[in-house]
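>>> quick one: sequence plus predicted model below, questions after.
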Amino acid sequence: MSDLAVVVDKVTKVFHQGRPDEVLALSDVDLTVADGEFVSLIGPSGCGKSTLLRLIADLIEPTTGTVAVADRPAAQARRDQEYGIAFQQAGLFEWRTVRRNVELPLELRGMPRDERKAKAGQMLELVGLADFAGHYPGQLSGGMQQRVAIARALAVQPPLLLMDEPFGALDEMTRERLQGELLGICAKTRTSTVFVTHSISEAVFLSDRVVVIRPGRAGSPRRSR
Amino acid sequence: MRRVLPPVAVGVLALLLWEVFVTAGRVAPFILPAPSAIGSQIVAQRQNIWEAALASGANALVGLIAGTVMAVLAALAASRFLVLGEVSIPFAAVLNALPIIALAPILNNMFESTSSVPRRLVTAIVVFFPVFLNLLRGLREVDPIHQELMRTYAASGWTFARKVRLPGALPHLFTGLRQASSLAVIAAVVAEYFGGLQDGLGARITSAAAFTAYPRAWAFVAGACLLGLTFYLVTLLLERLAMPWRFVHDLP
């Protein structure tokens, strides 16, 4: 077992390959994330930072190159639920209470009811929403919903956390508070994190390392430290 | 109270105006009977109205349930197999444009005259389309984030359908059911106009009208109206029970 959480090796991603609207999103990208490391991917919109995150999550497949998560191919790691993920929209299930939203990934892993209930309670405690366990997402503010989404991502205690501009839609005050909370949670749980953002200050505040992705010549993104 | 009072007041006022209009204007009862005449018929015929409403209500209910079950199964199949969905939507739209009630005389001849099946069949077919079309739309509208999340959870197709697609489509299902519940009563009542077993509200309305007993006919129409309203309200109640998250109050 190496101490690398993520290894992206010479990955190229072309969307709509062979069609007139072909787009080269990422070209020959390398990235490693060490265990327990907090890495931000930063760059202007359309530079491919979200694409890179989705490749790590195995939501899309690379055109060439390989992605390994926890020493496994990304597809295997996804099936093993090696990571938790949060997006810009909380994406909660409106028909489930806050607690049952957090329980969902545990439920799908076949965890017994009492155990997952306790676990979800613990996670909600972590994001400061224990009092809202019985509410429905529609009753919560955007910031609270995002905290529920983070609790859900953390519920399976994944070794890796993937976040795609999770605070992008929030007001500044809420964002700053959640950034602080996230740092505390990651430090406490020793979770490796890949965090996509377009805010330089957010990246600098949160990260051990900031990876800048910029659309290079002919639209091919380059990576630098 | 504030939500109930205005419509009740308007309703009472409308009845009063109706009464004044009919008596003062000397409108012939075969054109429009006075509400007081209809009201006294409702009281006099309450037992008959009740029994006919039970018969029509049973037909509407059986048709509604059968049509809904068929529609749900068909929508699930059509959402599961894309090709089926593409093919079925124009078909459903064309069939929906047919006056299905016009099938009643044909269906009546297919079964014995003591059979309740034709009316229930007509009702089921009428119910099928709004439920099918609405539910299919709901089943196809899945939040892309939910789709991706379930993928990260390595959820199977069946789990995805059960945990995301179906609950997500419930609001659409009930939109269809609300339309269908009223349609079911209309279909069950009107189907009797075309023959078949004559024990429901439709048959009572036609026979009263045939005997020029217009206030009595209107009394049975009022019964049909109440029956339709009951179906609609029960559907609203079911909707509340099935989707509690839609009816919770916002936080202060």
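That came through fine.

>>> host element of the residue in chain A that chain B sits nearest to?
Relative to chain B, the nearest point of chain A is A:G91 (3.5 Å; CB to the nearest CB). The C-beta positions use only the backbone N, C-alpha and C, and glycine is treated the same way. Using DSSP states H and E, A:G91 sits in no helix or strand.

>>> nearest residue to it in space, please, no chain neighbours.
B:I145 (3.5 Å; CB to CB, 6 or more residues apart in numbering or on different chains).

>>> A:L160 too?
A:L160 sits nearest to A:Y83 (CB to CB, 6+ apart), 4.0 Å away.

>>> just A:A133 next, same as before
Using CB to CB, 6+ apart, the nearest residue to A:A133 is A:R99, at 3.9 Å.

>>> do A:L31 as well
A:V8 (4.1 Å).

>>> which ones are touching that neighbour?
A:29-32, A:52, A:55-56, A:65-68 (CB atoms under 8 Å, 6 or more residues apart in numbering or on different chains).

>>> check which helices and strands the host helix or strand of the residue nearest to A:A133 sits against.
Per DSSP H and E, A:R99 falls inside helix A:98-108. Applying 3 or more CB pairs under 8 Å, 6 or more residues apart in numbering or on different chains; DSSP states H and E, one finds that helix A:98-108 contacts helix A:113-126, helix A:142-155.

>>> ok, back up a step: is the residue nearest to A:L31 in a helix, a strand, or coil?
Three-state call for A:V8 (DSSP: H, G, I helix; E, B strand; the rest coil): strand.

>>> partner residues bridging it?
Going by DSSP bridges, A:V8 is paired in beta bridges with A:L31, A:V67.

>>> for residue 143, which non-adjacent residue is spatially closest?
No chain in the question, so chain A it is. Closest to A:G143 by CB to CB, 6+ apart is A:T174, at 3.7 Å.

>>> my bad, the chain I had in mind was chain B
Here the residue nearest B:D143, using CB to CB, 6+ apart, is A:G91, at 6.7 Å.

>>> list the buried residues of the helix or strand encompassing B:A222.
Element membership of B:A222, judged by DSSP H and E, is helix B:214-242. Within helix B:214-242, the residues scored as buried using 16 or more other CB atoms under 10 Å in any protein chain shown are B:214-224, B:227-228, B:231-232, B:235, B:239.

>>> report the rounded mean pLDDT for it.
For helix B:214-242, the per-residue pLDDT values average out at 93.

>>> how about stretch B:101-116?
81.

>>> do the same with stretch B:30-49
89.

>>> quick check: buried residues in it?
B:32-35, B:37-39, B:41-42, B:45, B:48-49.

>>> again with stretch A:80-90
So, applying 16+ other CB under 10 Å, buried residues of stretch A:80-90: A:81-90.

>>> and what of stretch A:147-159?
In stretch A:147-159, counting by 16+ other CB under 10 Å, buried: A:147-156, A:158-159.

>>> name the helices or strands packed onto the helix or strand containing A:V211?
Following DSSP H and E, one finds A:V211 within strand A:209-215. In terms of contacts (3+ CB pairs under 8 Å, 6+ apart), strand A:209-215 is packed against strand A:38-42, strand A:221-224.

>>> and the angle for that strand with strand A:38-42?
20 degrees (axes from the mean of the first three to the mean of the last three CA atoms, to 10 degrees).

>>> strand A:209-215: how far from the chain's middle?
Here strand A:209-215 is found 16 Å from its chain centre; the criterion is CA atoms, centre = their mean, to the nearest Å.

>>> any regions of the stretch 1-150 of chain B where pLDDT drops low?
B:1 (pLDDT under 70).

>>> do a quick rundown of the strands in it.
Using DSSP state E, counting those that start in this stretch, no strands are found in the stretch 1-150 of chain B.

>>> ok and the residue in it nearest chain A?
Of all residues in the stretch 1-150 of chain B, B:I145 sits closest to chain A, at 3.5 Å by CB to the nearest CB.

>>> pretty sure that residue contacts A:F87?
Yes: contact criterion CB atoms under 8 Å: B:I145 and A:F87 qualify, at 5.6 Å.

>>> for A:E61, the count of nearby residues, please.
12 (other CB atoms under 10 Å in any protein chain shown).

>>> flag every residue of chain B that's near chain A.
Counting by CB under 8 Å from any CB of the partner chain, the residues of chain B lying close to chain A are B:143, B:145-146, B:148-149, B:151-155, B:159, B:163-164, B:167-168, B:170, B:243-246, B:248-251.

>>> which of those residues count as buried?
Among those, those buried by neighbour count (16+ other CB under 10 Å) are B:145-146, B:148-149, B:152-155, B:163-164, B:167-168, B:170, B:243, B:245.

>>> contacting residues around the residue nearest to A:G91?
A:87, A:89, A:91.

>>> so B:R216 touches B:Q41, yeah?
Yes: contact status for B:R216 versus B:Q41: in contact at 4.9 Å, counting by CB under 8 Å.

>>> low pLDDT regions in chain A?
A:1-2, A:215-225.

>>> can you list the residues of it near chain B?
A:57, A:59, A:78-81, A:83, A:85, A:87, A:89, A:91, A:93-97, A:104-105, A:108, A:135-140.

>>> the residue nearest to A:A133 contacts A:L124, correct?
Yes: between A:R99 and A:L124 there is a contact at 6.7 Å, judged by CB under 8 Å.
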